[in-house]
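J.: sequence first, then the predicted structure, then my questions.
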Amino acid sequence: MNLQQYGLQNFFEQQIDDSNKYILGRVTLEHKHSYRIVTEQNEWLGTISGKMAFESFARKDYPAVGDWVLVEQMPGEEKCLIHKILERKSVFSRKMAGLELDEQIVAVNVDIIMIVTSLNDDFNERRLERYLTAAWNSGATPIIILTKADLCENVDEYVEKVQNVAFGVDVYPVSTFTGDGLSTVKELFRPNKSIALMGSSGVGKSTLTNALIEEEKMVVHTIRADDAKGRHTTTHRELFALEGGGVIIDTPGMRELQLWSTDSALDTSFSDIQALLLQCKFRNCSHKKEPGCAVQNAIACGDLEQQRYDSYIKLQREIAYLNRKADLQATLIENRKNKKLSKQNRK
């Protein structure tokens, strides 16, 4: 198999030592305790080696869909052992759903993140702001796909709404039913490029994947008629290679996206608010009732929506809370690592 078709880039090839006895492969599907890996020789089912398991303490230490890994084929079997994960170029993560503080890696080593949302009653600008923040934090370039354009009578109005919260991000309205806009989106897929689809349930990610691959790879379901909410169609993350080059990663719909992010990503997503903060009269302005507050002036003049500013404050607090918890968790992981190594040394 030609790994160039699976998105191989110099960034990953440069990490391989010529004297290395292991084989390069890419994770295309993640099972509960195993992985499907494509290599130049064949496609194998892989598990992590004992050494790798011993040295893994957090979710980021384990392979994820999109990872480039070094593997060793098991003699006489269509299976392999994973010995190393190559340095990742990008990582799209979110906080694990529920009260547990843990990172859930959604996709890695992608160049473009397609944030997919539909042009129906489920359209939500605040949700888009969350996805954009997570996308910028990943290291990939976000673009926005507006699906079901054939069912919308005012597409241009929705595009304008998106542009008001996604500065400098390309927006593509498409219809998988009529085919409108698909050819433009397909042009984004090029050899050595990897693209991941992200979005809520029912926005049409699986239908879009099938249309781009030109093959019925993913099962699709209809949305609920009463509230336009989607049903979970995709239950796992999977990587597909396109015939013309490049790969696409389809991901399960997310009921909620809790950030696993940094302040710098928030600054990029809300660059309009960041610019206003620098224009306030006082450096320690709380942006509430102070005279000369550029933020409150912009809200009063209609240049900034109150809801957008409220969303910014909410995400800022969420990220600050997660950062404090993450620092504590990192300390606990380091302590567990030291105890494990000390125990091994004593043995």
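T.: Arrived safely, thanks for sending.
J.: could I get the full set of strands for the stretch 101-250 of the chain?
T.: Remark: strands assigned in the stretch 101-250 of the chain by DSSP state E, counting those that start in this stretch are 103-108, 112-118, 141-147, 171-173, 194-198, 238-241, 247-250.
J.: low-confidence ranges, the stretch 101-250 of the chain, go.
T.: Residues of the stretch 101-250 of the chain meeting the criterion pLDDT under 70: 101, 215-235.
J.: helices along that one, start to end?
T.: Taking DSSP state H, counting those that start in this stretch as the criterion, the stretch 101-250 of the chain carries its helices at 125-138, 155-163, 182-186, 205-213.
J.: run the chain-centre distance for the third one.
T.: Helix 182-186 has its C-alpha centroid displaced from the chain centroid by 21 Å (Cα atoms, centre = their mean, to the nearest Å).
J.: next, the buried residues of it.
T.: Burial within helix 182-186, assessed by neighbour count using 16 or more other Cβ atoms under 10 Å, is assigned to 182, 185. The way it works is simple: take the backbone N, C-alpha and C, and place the C-beta from them, glycine included.
J.: the strands of the stretch 101-250 of the chain: which one's closest to Tyr62?
T.: strand 103-108 (8.4 Å; Cβ to Cβ).
J.: roughly how far apart are the residue nearest to the spatial centre of the chain and Pro252?
T.: By Cα atoms, centre = their mean, the chain has its centre lying nearest to Phe92, at 3.4 Å. Per Cβ to Cβ, to the nearest Å, Phe92 is found 13 Å from Pro252.
J.: for Gly7, same thing?
T.: Noted for Gly7: a distance of 21 Å to Pro252, by Cβ to Cβ.
J.: between those two, which is the more surrounded one?
T.: A direct count of neighbours by other Cβ atoms under 10 Å for Gly7 and Pro252 places Gly7 higher, at 27 against 17.
J.: not counting sequence-adjacent ones, nearest residue to the more buried one?
T.: Distance criterion Cβ to Cβ, 6 or more residues apart in numbering; nearest residue to Gly7, sequence neighbours excluded, is Ser194 at 4.1 Å.
J.: next one: Val106
T.: Using Cβ to Cβ, 6+ apart, the closest residue to Val106 is Phe92 (4.7 Å).
J.: what's the answer for Glu78, then?
T.: Excluding the flanking residues, the one nearest Glu78 by Cβ to Cβ, 6+ apart is Trp44, at 5.5 Å.
J.: where's that neighbour relative to Pro75, distance?
T.: Trp44 is 13 Å from Pro75, by Cβ to Cβ.
J.: between these two, which is the more surrounded one?
T.: Set Trp44 next to Pro75 and count neighbours by other Cβ under 10 Å: Trp44 wins out with 21 against 6.
J.: so the more buried one: helix, strand or coil?
T.: Recorded secondary structure, Trp44: strand (DSSP: H, G, I helix; E, B strand; the rest coil).
J.: relative to Cys80, how far out is it?
T.: With distances taken as Cβ to Cβ, Trp44 is found 4 Å from Cys80.
J.: okay, and the common contacts of the two?
T.: Taking Cβ atoms under 8 Å, 6 or more residues apart in numbering as the contact rule, Trp44 and Cys80 both touch 25, 37, 71, 73.
J.: from Gly76, how far off is His83?
T.: Per Cβ to Cβ, His83 is found 19 Å from Gly76.
J.: more neighbours, these two?
T.: Neighbours of His83 and Gly76, each counted by other Cβ under 10 Å, are more numerous for His83; the result is 18 against 6.
J.: can you tell me the helix or strand for that one?
T.: Assigned by DSSP states H and E, His83 belongs to strand 79-85.
J.: nearest to Glu125, of the shared contacts of Trp44 and Cys80?
T.: Of all those, Glu125 sits closest to Ile37, with 39.1 Å by Cβ to Cβ.
J.: can you pull the contacts of that closest one?
T.: With contact taken as Cβ under 8 Å, 6+ apart, Ile37 is in contact with 25-28, 43-46, 69, 71, 80, 82.
J.: read off the pLDDT value for Ser261.
T.: pLDDT recorded at Ser261 is 66.
J.: check Ser271 too.
T.: pLDDT for Ser271: 91.
J.: give the closest residue to it in space, chain neighbours not counted.
T.: Looking at Ser271 with Cβ to Cβ, 6+ apart, the closest residue is Phe167, at 5.6 Å.
J.: what about that neighbour, neighbour count?
T.: Counted with other Cβ under 10 Å, Phe167 comes out at 12.
J.: look up phi and psi at the closest residue to Phe282 other than its chain neighbours.
T.: With Cβ to Cβ, 6+ apart as the criterion, Phe282 has its nearest non-adjacent residue at 5.8 Å, and that residue is Glu290. Here is the backbone geometry of Glu290 (degrees, to the nearest 10): phi -70, psi 140.
J.: hang on, isn't Glu290 packed against Lys281?
T.: Yes. Between Glu290 and Lys281 there is a contact under Cβ atoms under 8 Å: 7.1 Å.
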